[in-house]
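# got a structure for you, letters missing:
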């Protein structure tokens, strides 16, 4: 009776030509000795793209399915084992998307300026999963990167709030994405915050921002907040910042904010100034409020976006060290009765 070695072997990454030769020889010997049979490669190994392995082998003894992808250095190859004989796509061919530091920062968010700074610092470094409809034409693979050919299209998916505002979806990991759609066939792209900013610049009239883990922590990042990230909205120690009254006072924005604050009753006092950092300027909205900034700021930022006229807006707490120093020399435009 022929016996196999499948139980003693595991999948591996192929990071050298010598290892590739050893694995290739192993599979060829198994076929020659009647333990394995080569079967057609039927499915792509990468979720979202038509990249298929070079070989599939089926173990005649135990029914195990083996996937063999040749290396194309510097891109590594790999071998995967499916003990049950059922094929599953890889969620990511190089490394899992998990963002543990960002997840930790989200869990630590509170009505505290330091935790908010930590969140935005981690967001600026994160790579997020974004569901999309992908149609590739004339595209090639260069190592870990895809060179998208002419005629290709990538349409990222969005979600709407109760008021009909559209937000692009972003997920910190596959577990969070599966809360929205558990299908292994869902196509995805990996975006950083600069990718989102690029999309927003082209579609400011379409989207109101992004939402991270919408079926979990549900963190909303509005357009003004994304604009702030682009200009390093976190104030660093010893950074030179110029603060003053806007040359063109935004009367429409101020009047509407006063009405909004009266209705919402979430802000006790508000200041609006102009902030210059380097060569970039933005409105600076300083708020005195007891409400959680993680909930309040996205809501206010979204409201303000319609009155900004292509200008950027940063929102900070009046209780932060930066906020306290700034408001010493300026008068508020709003105080709740």
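Received it, and whenever you're ready, just let me know what you need. Keep in mind that what you see is a predicted model, and the values were worked out from it rather than measured.
# helices or strands up against the helix or strand where residue 254 lies?
For residue 254, the element it lies in under DSSP states H and E is helix 251-264. With contacts defined as 3 or more Cβ pairs under 8 Å, 6 or more residues apart in numbering; DSSP states H and E, the packing partners of helix 251-264 are strand 269-277, helix 293-304, strand 334-335. All C-beta spots, glycine's among them, are computed from the backbone N, C-alpha and C.
# switch the cut-off to 7 Å
strand 269-277, strand 334-335 (3 or more Cβ pairs under 7 Å, 6 or more residues apart in numbering; DSSP states H and E).
# Is it correct that residue 241 is in contact with residue 274?
No - if you go by Cβ atoms under 7 Å, residue 241 and residue 274 don't touch, sitting 10.9 Å apart.
# okay, the two: which has more neighbours?
Just comparing residue 241 and residue 274: by other Cβ atoms under 10 Å the higher neighbour count belongs to residue 274, 18 against 13.
# Name whatever forms a beta bridge with that one.
Per DSSP bridges, the residues bridged to residue 274 are residue 244, residue 283.
# mind listing what it touches?
244, 245, 246, 281, 283, 284 (Cβ atoms under 7 Å, 6 or more residues apart in numbering).
# where's the fifth one relative to residue 246, distance?
Applying Cβ to Cβ, to the nearest Å, one obtains 7 Å for the distance of residue 283 from residue 246.
# still on that earlier bit, what subset of the contacts of residue 274 is buried?
Neighbour counting with 16 or more other Cβ atoms under 10 Å marks 246, 281, 283, 284 as buried within the contacts of residue 274.
# Quickly find the element holding the second one.
Put plainly, it is residue 281. Of the helices and strands defined by DSSP H and E, residue 281 is found in strand 280-288.
# for that strand, packing partners?
Packed against strand 280-288, as judged by 3+ Cβ pairs under 7 Å, 6+ apart, are the following elements: strand 269-277, strand 313-317, helix 321-327.
# go again using 6 Å as the cut-off
Helices and strands in packing contact with strand 280-288 are listed as strand 269-277, strand 313-317; criterion 3 or more Cβ pairs under 6 Å, 6 or more residues apart in numbering; DSSP states H and E.
# for those, which one ends up most surrounded?
Of the helices and strands packed on strand 280-288, the one with the most neighbours on average (mean count of other Cβ atoms under 10 Å) is strand 313-317, at a mean of 23.
# what's the angle from it to strand 269-277?
Computed with axes from the mean of the first three to the mean of the last three Cα atoms, to 10 degrees, the direction of strand 313-317 lies at 130 degrees from that of strand 269-277.
# Break the chain into its domains for me.
Here the chain is described, according to automatic domain parsing, as comprising the domains 6-82, 100-230, 242-335.
# Average pLDDT for the shortest one, rounded please.
Mean per-residue pLDDT for domain 6-82: 84.
# ditto for the last one
Per-residue pLDDT values across domain 242-335 average out to 87.
# With the longest one instead?
The average of the pLDDT scores along domain 100-230 is 78.
# For beta bridges, what are the partners of the most centrally placed residue in the chain?
When the chain is reduced to its mean C-alpha position, the nearest residue by Cα atoms, centre = their mean turns out to be residue 128, at 2.4 Å. Listed beta-bridge partners, residue 128: residue 191 (assigned using DSSP bridges).
# Helices of the stretch 101-250 of the chain, start to end?
In order along the chain, the stretch 101-250 of the chain carries the following helices (DSSP state H, counting those that start in this stretch): 113-125, 174-180, 193-202, 223-230.
# I'd like the ones you listed written out as TSV, with mean neighbour count and distance to residue 34 added.
Listed next are the helices of the stretch 101-250 of the chain as TSV, based on neighbours: other Cβ atoms under 10 Å; distance: least, Cβ to Cβ, whole Å:
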stretch	mean neighbour count	distance to residue 34
helix 113-125	18	52
helix 174-180	17	38
helix 193-202	16	51
helix 223-230	22	60
